[in-house]
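*Asks:* Model the structure of this input:
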Amino acid sequence: MAMSTVTVQRRGRRAAASRDDVLAAALYRYLRGRRVDVQAIAAELGLGRTTIYRWFGSREGLIGEVLFLAAEPLLEAARKAARGRGGPALLETFDRFNRSLVDAPALRQFLEQERDAALRIITSSAGVLQPRIVARIAGLIEDEVRAGNYEPPVEPATLGYAIVRLAEAFLFNDAAAGIRGDVDRLREVEAAILGVVV
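*Replies:* Numbering: from 1, shown residues only. Got it, this is the predicted structure:
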């Protein structure tokens with residue numbers, strides 16, 4: 001009598017999800033205008049919420065990472081599309097980036113749904129997002145300085161910080177001053193700070 005081979009599937013826990021899996025799940029929700037719900041993500045990935053909090057510190061820390069992941073390609077696309085070099089190229093890069101942020105449906109929806117939390121996450125120097133964006137903006141300025149195309153009025157790190165804080169006020173924060181969303185005026189002020197004649 002011939003014996004047949006039977007394949008037996010092992011039961012047990014599936015492989016644990018990673019930090020990157022959590023980021024991907026959160027980014028998926030964010031880009032579709034859905035709330036980034038830590039409990040739902042934990043359940044979906046078979047993780048405990050405490051694991052997610054250990055990796056990201058808080059829900060706001062996770063969302064800060066997600067916002068950076070969503071913003072970074074916009075900044076890269078803005079830099080690639082900018083013409084010229086030196087101050088004018090930086091101004092065009094920052095202007096394109098600012099306009100893409102204003103036009104980003106997921107960011108707009110997040111600001112509408114969770115305004116207070118969104119502003120904290122976007123504008124906190126102690127958070128995840130702002131220091132990374134400042135570093136990227138300063139890096140772009142440093143690239144132009146190293147290439148001999150631009151002489152900044154102050155050190156690149158300070159200039160990068162000023163550009164980011166200015167954009168935060170114009171794009172997200174300052175309804176009282178009547179400037180929220182005014183990307184044309186933001187461009188004029190950025191040009192002045194960069195020393196570019198427009």
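*Asks:* and residue 27, how many neighbours?
*Replies:* When counting by other C-beta atoms under 10 Å, one arrives at 19 neighbours for residue 27. C-beta: built from backbone N, CA, C; applies to glycine.
*Asks:* same check, this time on residue 157
*Replies:* Here the count is done by other C-beta under 10 Å, and residue 157 has 16 residues near it.
*Asks:* My guess is it contacts residue 138. True?
*Replies:* Yes: at 4.9 Å, residue 157 and residue 138 qualify as touching, with contact defined as C-beta atoms under 8 Å.
*Asks:* what's the distance between the residue positioned nearest the centre of the chain and residue 114?
*Replies:* To find the centre residue of the chain, average its C-alpha atoms and take the closest one (C-alpha atoms, centre = their mean): that gives residue 68, at 2.3 Å. For residue 68, the distance to residue 114 under the criterion C-beta to C-beta, to the nearest Å works out to 17 Å.
*Asks:* Quick check: which element contains residue 165?
*Replies:* Secondary structure assignment for residue 165, by DSSP states H and E: helix 156-168.
*Asks:* Buried ones in that helix, by neighbour count?
*Replies:* Using 16 or more other C-beta atoms under 10 Å as the burial criterion, the residues of helix 156-168 that qualify are 156-157, 159-164, 166-168.
*Asks:* rewinding a little: any idea how far residue 181 is from the residue nearest to the centre of the chain?
*Replies:* Here the criterion is C-beta to C-beta. By it, residue 68 lies 22 Å from residue 181.
*Asks:* residues near residue 187, how many?
*Replies:* Applying the criterion other C-beta under 10 Å, we find 20 residues in the vicinity of residue 187.
*Asks:* Phi first, then psi, for it.
*Replies:* The main-chain torsion angles of residue 187 are listed as degrees, to the nearest 10 and equal phi -60, psi -40.
*Asks:* do the same with residue 84
*Replies:* Here is the backbone geometry of residue 84 (degrees, to the nearest 10): phi 80, psi -160.
*Asks:* OK, contacts around it?
*Replies:* residue 92 (C-beta atoms under 8 Å, 6 or more residues apart in numbering).
*Asks:* Kindly recompute the last result at 10 Å.
*Replies:* Residue 84 is in contact with 90-92, 149, counting by C-beta atoms under 10 Å, 6 or more residues apart in numbering.
*Asks:* May I see the ChimeraX selection of the buried members of those?
*Replies:* Restricted to the buried members of the contacts of residue 84, where burial is judged by 16+ other C-beta under 10 Å, the ChimeraX selection command reads as follows:
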select :90,91,92
